[in-house]
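J.: Just the structure for this:
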Amino acid sequence: MTSENALGEYLRLRRGQVRPEDVGLVAGRRRRVEGLRREELAALAGISADYYLRIEQGRTTHPSPQVLDALARVLRMDVLAAAHLHELARDDRRVYSGVERVSDHIATLIDELNVPAFVAGRCLDCLASNQSARALSPNFTPGRNLLKQLFLDPAERRLHIDYAAAAAGVVAGLRQIAGGHTPDPRLDSLVKELCAASEKFQALWAQGDVGYRRAGTSHMQHPRVGELLLHRTRFPIPDSDGQHVQLYHAAPNTETATKLAELIYL
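T.: So this is what the prediction gives:
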């Protein structure tokens, strides 16, 4: 996030998710906090409680990689979450304040593809799309925010039979962007808006998971052509500061391929 204490906020979040018994401690009956106490985390990571307190409170903003690795280990972070922690501690993070634009050659490429394709920006704004994508979902239209539509538009939720996996992947991908080289104030605003508007988003954001949903199959129920099993592929756009291309395509000679072709020409 672009908070002045993004590192401390993330550590506090993850600290609250580790139970004492997960790391060999006895919880005790008089425990008032969820997860680990600060002093417990510090001891298990091999640092002083005062030093950890300074990190969490934002008074020490760039701890060493060795300290971060120790904290990530105790907090049971996976590879992506640990990398996110290191990104939050970088001393060269600049705040993103630019306007997102899709390059002409990417826009042309999207139009020429014969499968649904769109370009999503840092905050998951749809920046460009082709006719096939808009036929698959009207929310794949430039100017709409894919995250808002997924959590606030009932029609978009009905489209995704695998909604739980789709929603979790999108939120984890957003947190990965939040920890990148260029924090974005608009992303903070979007997260606050959705936490207030959607309990589902708030719960997923509080999990602290990091990393885009892996390429795989998306299971959809389209209102016109019915059930679709589409391969989902994401391509980061080099030198775009966080944009990516999303493709949906069907296996050849399948019922989904036939339905997708019908949908495009309806």
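
J.: what sits against the closest residue in space to R12 that isn't next to it in sequence?
T.: Leaving aside its chain neighbours, R12 sits nearest to E56 (5.9 Å; criterion: CB to CB, 6 or more residues apart in numbering). From N, CA and C alone the C-beta is placed, and that goes for glycine too. By CB atoms under 8 Å, 6 or more residues apart in numbering, E56 lies in contact with G8, L11, R12, R15, R38.

J.: and the first one, what helix or strand is that in?
T.: Using DSSP states H and E, the element containing G8 is helix 6-15.

J.: That helix: which residues count as buried?
T.: A6, L7, G8, E9, Y10, L11, R14, R15 (16 or more other CB atoms under 10 Å).

J.: cool, and stretch 109-120?
T.: Neighbour-count burial for stretch 109-120 [16+ other CB under 10 Å]: L109, I110, V115, P116, A117, F118, V119, A120.

J.: So the third one: helix, strand or coil?
T.: State at V115, reduced to three classes by DSSP: H, G, I helix; E, B strand; the rest coil: coil.

J.: What segments of the stretch 151-266 of the chain are strands?
T.: With DSSP state E, counting those that start in this stretch as the criterion, the stretch 151-266 of the chain has strands at 216-222, 226-236, 244-249.

J.: ok, then the element right after the helix holding G8?
T.: helix 38-45.

J.: At the geometric centre of the protein, which residue do we find?
T.: G173 (2.0 Å; CA atoms, centre = their mean).

J.: For that residue, give me its contacts.
T.: Taking CB under 8 Å, 6+ apart as the test, what G173 contacts is L124, G211, Y212, R213.

J.: returning to what we had before: export the contacts of E56 as TSV, with columns for distance to D91 and pLDDT.
T.: Below are the contacts of E56 laid out as TSV (distance: CB to CB, whole Å; pLDDT from 0 to 100):
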residue	distance to D91	pLDDT
G8	15	92
L11	17	95
R12	21	93
R15	23	93
R38	23	92
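
J.: For L7, list the residues it contacts.
T.: I55, G58, T61, L85, L88, A89.

J.: Was I right to think R15 contacts M77?
T.: No: in this structure, R15 is not within contact of M77 by CB atoms under 8 Å, at 11.1 Å.

J.: the domain parsing of the protein - what is it?
T.: Domain assignment for the chain by automatic domain parsing gives 6-88, 104-264.

J.: End to end on the shortest one, go ahead and measure it.
T.: It stands for domain 6-88. One end of domain 6-88 to the other measures 7 Å (CA to CA, to the nearest Å).

J.: S240: neighbour count?
T.: Residues near S240, counting by other CB atoms under 10 Å, number 18.

J.: Pull up the gap between V23 and V79, please.
T.: 19 Å (CB to CB, to the nearest Å).

J.: Of the two, give the one with the bigger neighbour count.
T.: Higher neighbour count among V23 and V79: V23, with 15 against 10, using other CB under 10 Å.
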